[in-house]
Each structure stands twice: as C-alpha cells, then as structure tokens.
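> I'll drop the sequence and a predicted model, then ask my questions.
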Amino acid sequence: MNPPGLSSRFPAYSEHSPVVPVHCVTPDAPGTIHRFVGKIVEKTGPQTMKVAVRNRILVGDAVEILTKKGPAVQDRVISMIDKKGLDTAVAQPNTVVTMTLSRDYEPLDLIRHAEEMTYTGGRRSGD
C-alpha cells in the first residue's frame with residue numbers, strides 16, 4: 001500500500017528489505033536512476049537560464065526537465081557560463097551557472113540526469 005498522496009503507479013521497493021518506505025518513481029525505466037542536477041532560479045534570455053547546480057553536469061549531457069506543467073521533457077545541455085562569464089564544460093555542485101538548453105523553461109523547474117544502473121563488483125558504474 002502506498003502512502004497517502006503517492007500514486008499507486010509507483011511500486012514499493014522491497015529488495016534488500018529497506019528500513020524506510022522506498023518507492024520507484026520510474027517504473028517504466030527499470031535499471032535507471034535519476035540524479036538531481038539543479039534548479040532553474042532565473043530565466044535570463046531565450047533558452048538561457050541561471051541554474052543552481054547540486055550535482056556535477058557537463059556540456060552535452062542529456063537531461064530531463066521536470067516542469068510544473070506536465071511530464072519530464074528530454075533536453076541536452078548546449079553550453080554553460082560560470083559566474084566570471086567564462087565558458088565552462090563542467091559545472092560543479094554548489095555553483096550557479098548560466099545554462100543554455102534547446103527550449104525555454106521557468107524558474108523552479110528541476111533538472112535531472114538519467115543514468116543506467118549497472119553493477120560491477122558491488123559498486124554502481126557511476127560511483
């Protein structure tokens with residue numbers, strides 16, 4: 001049984017006997033995890049926005065934008081500019097960058113990165 005307010009389409013995760021309730025929010029993408037990348041804090045121009053970065057992201061990365069208006073939107077990071085106004089290929093956690101994507105988004109929209117889970121020697125391939 002799902003907690004109140006959580007859709008029944010998100011199945012409970014029971015493998016490894018989690019101590020707290022854990023639910024899969026991507027049942028249509030088995031073997032995939034989503035890493036939160038950042039939050040759009042300001043729209044600065046067409047297809048350009050300031051992003052508060054929470055996990056490392058690279059120019060060229062495929063991302064999904066979670067909007068208030070509907071399902072996740074597939075996109076790709078086209079370019080990033082750091083706080084000094086210089087082009088950067090990598091944005092590190094706890095920084096703010098000006099990011100260009102292929103569409104317009106709104107402040108408070110969230111950015112995540114999908115990664116396929118593969119296990120090698122007890123560690124995830126992304127670790």
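Alright, I've got the coordinates.
> Show me which helix or strand of the chain is least confident by mean pLDDT.
strand 123-124 (a mean of 48; mean pLDDT, DSSP states H and E).
> for this structure, what spans make up the strands?
According to DSSP state E, the chain carries its strands in the segments 32-45, 48-53, 57-58, 62-66, 73-76, 79-81, 90-91, 95-100, 110-116, 119-120, 123-124.
> which helices and strands sit right next to the fifth one?
Contacts of strand 73-76 with other secondary structure elements, assessed using 3 or more Cβ pairs under 8 Å, 6 or more residues apart in numbering; DSSP states H and E, are made with strand 62-66. Where you see a C-beta, it was placed from the backbone N, CA and C, and this is true even at glycine.
> Apart from its neighbours in sequence, what residue is nearest the residue nearest the centre of the chain?
Taking Cα atoms, centre = their mean as the criterion, Arg112 is the residue nearest the geometric centre of the chain, at 0.7 Å. Nearest-residue entry for Arg112: His34, 4.5 Å, with adjacent residues in sequence omitted and distances by Cβ to Cβ, 6 or more residues apart in numbering.
> likewise Gln92?
Arg56 (5.9 Å).
> how near is that neighbour to Ser17?
Using Cβ to Cβ, to the nearest Å, Arg56 is found at 31 Å from Ser17.
> More neighbours: these two, which one.
The neighbour comparison of Arg56 against Ser17 (other Cβ atoms under 10 Å) goes to Arg56, with 14 against 5.
> what about Glu106, distance to Lys68?
Distance, Glu106 to Lys68, using Cβ to Cβ: 7 Å.
> Settle it for me: which of those two has more neighbours?
Looking at Glu106 and Lys68 with other Cβ under 10 Å, you find the greater number of neighbours at Glu106, namely 13 against 8.
> contacting residues for that one?
Glu106 is in contact with 40, 43, 67-68, counting by Cβ atoms under 8 Å, 6 or more residues apart in numbering.
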